[in-house]
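Colleague: Just to be clear, the model below is a prediction. Sequence and coordinates:
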Amino acid sequence: MTVAPPFCERWDQASFDRDNASKPLEYWEPLARRVFARKAYDPDVFREGAVSGLP
């Protein structure tokens with residue numbers, strides 16, 4: 001069994017609400033730039049041994 005179908009059923013499709021107004025792409029650009037500007041594996045962000053994601 002793959003993890004894709006359960007993931008989509010639990011999280012992906014359920015995340016969309018067609019009646020909810022979304023922000024324009026320009027709103028997200030500075031946030032994305034800030035994330036990608038970070039040093040990879042920065043100890044202030046990356047926590048070795050920490051687990052996150054699906055249970």
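Modeller: Structure received. Note that the structure is a prediction, hence the values are computed from the model and not measured.
Colleague: Can you pull out the low-pLDDT segments for the chain?
Modeller: Filtered on pLDDT under 70, the chain yields the residue ranges 1, 52-55.
Colleague: Would you map the helices across it?
Modeller: 4-7, 25-37 (DSSP state H).
Colleague: how far does the first one sit from the chain's center?
Modeller: I take that to be helix 4-7. 16 Å (C-alpha atoms, centre = their mean, to the nearest Å).
Colleague: Ok, which of the helices of the chain comes nearest residue 17?
Modeller: Closest to residue 17 of those is helix 25-37 (C-beta to C-beta; 17.3 Å). Backbone N, C-alpha and C define where each C-beta goes, glycine included.
Colleague: Quick one: list the elements packing against that closest one.
Modeller: Packing partners of helix 25-37 (3 or more C-beta pairs under 8 Å, 6 or more residues apart in numbering; DSSP states H and E): none among the helices and strands.
Colleague: export the helices of the chain to a markdown table and tack on mean neighbour count?
Modeller: Listed next are the helices of the chain as a markdown table, based on neighbours: other C-beta atoms under 10 Å:
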| stretch | mean neighbour count |
| --- | --- |
| helix 4-7 | 10 |
| helix 25-37 | 9 |
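Colleague: how about TSV for these, with distance to residue 44 added?
Modeller: Compiled in TSV, the helices of the chain are given as follows (distance: least, C-beta to C-beta, whole Å):
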stretch	distance to residue 44
helix 4-7	29
helix 25-37	13
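Colleague: Of all those helices, which one comes closest to residue 13?
Modeller: Closest among the helices of the chain, using C-beta to C-beta: helix 4-7, at 9.9 Å.
Colleague: so which of the helices of the chain gets nearest residue 47?
Modeller: helix 25-37 (16.1 Å).
Colleague: Looking at the helices of the chain, which is nearest to residue 18?
Modeller: helix 25-37 (17.9 Å).
Colleague: then stretch 25-41 to PDB, C-alphas only?
Modeller: Provided in PDB are the C-alpha atoms of stretch 25-41 (Å, rounded to 0.1, in the frame of the first residue of the first chain):
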ATOM      1  CA  LEU A  25       0.400  35.000  -5.200                       C
ATOM      2  CA  GLU A  26       2.100  38.300  -4.600                       C
ATOM      3  CA  TYR A  27       1.200  38.000  -0.900                       C
ATOM      4  CA  TRP A  28       3.100  34.800  -0.500                       C
ATOM      5  CA  GLU A  29       6.300  35.800  -2.400                       C
ATOM      6  CA  PRO A  30       8.100  37.500   0.400                       C
ATOM      7  CA  LEU A  31       7.300  34.600   2.800                       C
ATOM      8  CA  ALA A  32       8.600  32.100   0.300                       C
ATOM      9  CA  ARG A  33      11.700  34.200  -0.300                       C
ATOM     10  CA  ARG A  34      12.400  34.300   3.400                       C
ATOM     11  CA  VAL A  35      12.200  30.600   3.700                       C
ATOM     12  CA  PHE A  36      14.400  29.800   0.700                       C
ATOM     13  CA  ALA A  37      16.900  32.500   1.800                       C
ATOM     14  CA  ARG A  38      17.700  30.500   5.000                       C
ATOM     15  CA  LYS A  39      20.800  28.500   5.400                       C
ATOM     16  CA  ALA A  40      20.100  24.900   4.700                       C
ATOM     17  CA  TYR A  41      20.000  22.800   7.900                       C
END
